[in-house]
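Engineer: Test case, fold it:
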Amino acid sequence: MKTSIKKAILLFFIIFFAILITITTSCSRTKPEIAFGFIKLILYQADPEPVEHYSFFMIPEDDDGIENLDEMFIYHDREQLRWRLKSDEWIKHTHEGREWIGTRTITSRDGVLPRGVFRAVLVNKGGESSERNFVYDGVVRFPFPEFEITDNIYTVISEWPVNRVIGYDRSGNYVTTVVLETFSGAVSQLRLPQSVRTVALWAEDELNFCSAFTTAIAVSR
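Structural biologist: Residues are numbered from 1 along each chain as shown. Below you'll find the model as predicted:
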């Protein structure tokens, strides 16, 4: 009888430690990695001067999947600035089979952002983290563009290399992008879908990772 009890106790501990090892192995604490990333400056129309935002996106890597990522910090150590994003706040999208995460809402109180070195820190749910430096030294080479629509005729004044019209529906959701071929013409020439109710101009300087967005204006139907 005593032998049977000892065997049962021994079997219990063997099973217990086997389960413990399995749990410990499955809950890995490997560090996440930042495989690639970039910073882009976006100017938004405002009065009296455009407001600067940074768009920052990265390709993260974590052995437990992107769902295991918890938060992201972006530091500008020289200016002692910090931005924090939780996983439910960042934007996710897939491009060419790679997962990207990031934000377009890095701002400062005075509307002007510092240039130079930024330090990105990625943290997973296990508390493991990794960091990588990124540099933005781009310059705004062109005046802020102008965009207006009068009597169903659009007019653009822009020195930016690439200019596009962005269309939104009545709820402000993105609908379409149209590359401008001419800086003036009938709105009908843009061939906007019927769901488009407002449009904005998106001007871009790809060489300097810089772009400008005008205020959205109504389209008559």
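
Engineer: For Arg197, see how far away the nearest residue to Ser195 once chain neighbours are set aside is.
Structural biologist: Nearest residue to Ser195 in three dimensions, chain neighbours excluded: Asp169, at 4.8 Å (CB to CB, 6 or more residues apart in numbering). Where C-beta positions appear, they are placed from N, C-alpha and C, glycine not excepted. Here Asp169 is placed at a distance of 6 Å from Arg197 (CB to CB, to the nearest Å).

Engineer: which of these two has more neighbours?
Structural biologist: Neighbour comparison, Asp169 and Arg197: the larger count goes to Arg197, with 18 against 15 (by other CB atoms under 10 Å).

Engineer: surely that one meets Val219?
Structural biologist: Yes - if you go by CB atoms under 8 Å, Arg197 and Val219 touch, sitting 6.2 Å apart.

Engineer: Please, where are all the helices along this structure?
Structural biologist: With helices called from DSSP state H, the chain shows them at 2-26.

Engineer: quick check: domain ranges of it?
Structural biologist: Here the domain parsing of the chain from automatic domain parsing is 1-28, 33-136, 146-218.

Engineer: how long is the second one from one end to the other?
Structural biologist: Its start and end residues considered, domain 33-136 measures 21 Å (CA to CA, to the nearest Å).

Engineer: where's it relative to the chain centroid, distance-wise?
Structural biologist: How far domain 33-136 lies from its chain's middle: 7 Å, per CA atoms, centre = their mean, to the nearest Å.

Engineer: need the helix or strand of this protein with the lowest average pLDDT.
Structural biologist: Least confident helix or strand, the chain: helix 2-26 with a mean of 47, by mean pLDDT, DSSP states H and E.

Engineer: Select from the domains of the chain the stretch with the lowest mean pLDDT.
Structural biologist: When the domains of the chain are compared on mean pLDDT, domain 1-28 scores lowest, with a mean of 47.

Engineer: show me what contacts the nearest residue to Asp77 once chain neighbours are set aside?
Structural biologist: Excluding the flanking residues, the one nearest Asp77 by CB to CB, 6+ apart is Arg119, at 6.2 Å. The contact partners of Arg119, taken as CB atoms under 8 Å, 6 or more residues apart in numbering, are 74-77, 131-134.

Engineer: Which residues are in contact with Leu69?
Structural biologist: Here Leu69 is in contact with 32, 60, 62, 87, 101, 122-125 (CB under 8 Å, 6+ apart).

Engineer: From the residues you listed, which land in strands?
Structural biologist: In strands, judged by DSSP state E, the following of those are found: 60, 101, 122-124.

Engineer: Quote the end-to-end distance of stretch 73-91.
Structural biologist: 14 Å.

Engineer: whoops, stretch 76-87 was the one
Structural biologist: OK, stretch 76-87 end separation, CA to CA: 21 Å.

Engineer: Any buried residues in it, and which?
Structural biologist: For stretch 76-87, a neighbour-count test (16 or more other CB atoms under 10 Å) marks 76, 83, 85, 87 as buried.

Engineer: if we can go back for a sec, quick one: buried ones out of the contacts of Arg119?
Structural biologist: Buried subset of those (neighbour count, 16+ other CB under 10 Å): 74-76.
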